[in-house]
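>>> okay, sequence plus prediction incoming.
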Amino acid sequence: PAVVVTPKLKAALTVALAAHSFSEGEHHDVLKGSPAHVTFDTLQAIQKHCKTQTHKGENSADCLCNQSLFKLLAGSAIHEEPLPVIEPSPEIIEWRRKVQAKVDSIAYDKMTRNVDPGRQDFFQTPLDVKEIRRQFSVVFNLLATGAACFAFGYYAGYGAFPTLTGQVLCGIIAAVVAMIAELWFLIRASWL
């Protein structure tokens, strides 16, 4: 991270760079062109170098090595580099456009679903599927009960009626009575 150069920090850096010997190219261009900010690592390196070297001239209180960095940085701020703006690739832009068009189309279809009653909606909710299953099971149960009661009446009439017509008539009567009773209970349960 970098810190904003304040006048106090600039003065301390100027004294430190003038008072201490640095090898060629090492931190000489820190204050070149009056920079707006300096990296914190550079400040730490200059301070560490100053503490290991002896002063060329007088012992100045303004020097970077004689002060704490947190005191020098008081009033300064952290300089944050703006993040680079990365342009998305044309493929991603095209993909986004297609996805957005599909989402818009689904939203439009959902919004206009009830406008045209002749239009069929092929999207069934789970509640619709449950209702269809329930109705199918009621019809199947009704037919199974009718078939079972017909079989019972047919074989019960075997001993009472020696002819095939009597047996079939007895089976049909038993099936009709059972189906009427079942329909009665089904209708009564749906009213409640």
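The structure has been received and is ready for your questions.
>>> for whichever helix in the chain runs longest, packing partners?
Counting by DSSP state H, the longest helix found in the chain is helix 126-160. If you count contacts as 3 or more CB pairs under 8 Å, 6 or more residues apart in numbering; DSSP states H and E, helix 126-160 packs onto helix 164-191. (Glycine included, C-beta is placed from N, CA and C.)
>>> so which bits of the helix it packs on are buried?
Of the residues in helix 164-191, Gln167, Cys170, Gly171, Ile172, Ala174, Ala175, Ala178, Met179, Glu182 count as buried by neighbour count, 16 or more other CB atoms under 10 Å.
>>> check stretch 144-155 too.
Neighbour counts using 16+ other CB under 10 Å place Gly146, Cys149, Phe150, Gly153, Tyr154 of stretch 144-155 among the buried residues.
>>> I'd like to know how far the nearest residue to the fourth one once chain neighbours are set aside sits from Ala160.
Right, the one you point to is Gly153. The shortest distance from Gly153 to any non-neighbouring residue, by CB to CB, 6 or more residues apart in numbering, is to Ala174 (2.8 Å). Per CB to CB, to the nearest Å, Ala174 is found 12 Å from Ala160.
>>> over to Met111?
Per CB to CB, Met111 is found 67 Å from Ala160.
>>> just to check, Ala147 is in contact with Ala175?
Yes - contact criterion CB atoms under 8 Å: Ala147 and Ala175 qualify, at 7.4 Å.
>>> run the angle between the longest helix of the chain and helix 164-191 for me.
Orientation of helix 126-160 against helix 164-191 (axes from the mean of the first three to the mean of the last three CA atoms, to 10 degrees) gives an angle of 150 degrees.
>>> mean confidence score for helix 126-160?
Averaged across helix 126-160, the pLDDT comes to 87.
>>> quick one on the thing from earlier: which one among the buried residues of helix 164-191 gets closest to Pro7?
Checking these against Pro7 by CB to CB gives Glu182 as the nearest, at 98.1 Å.
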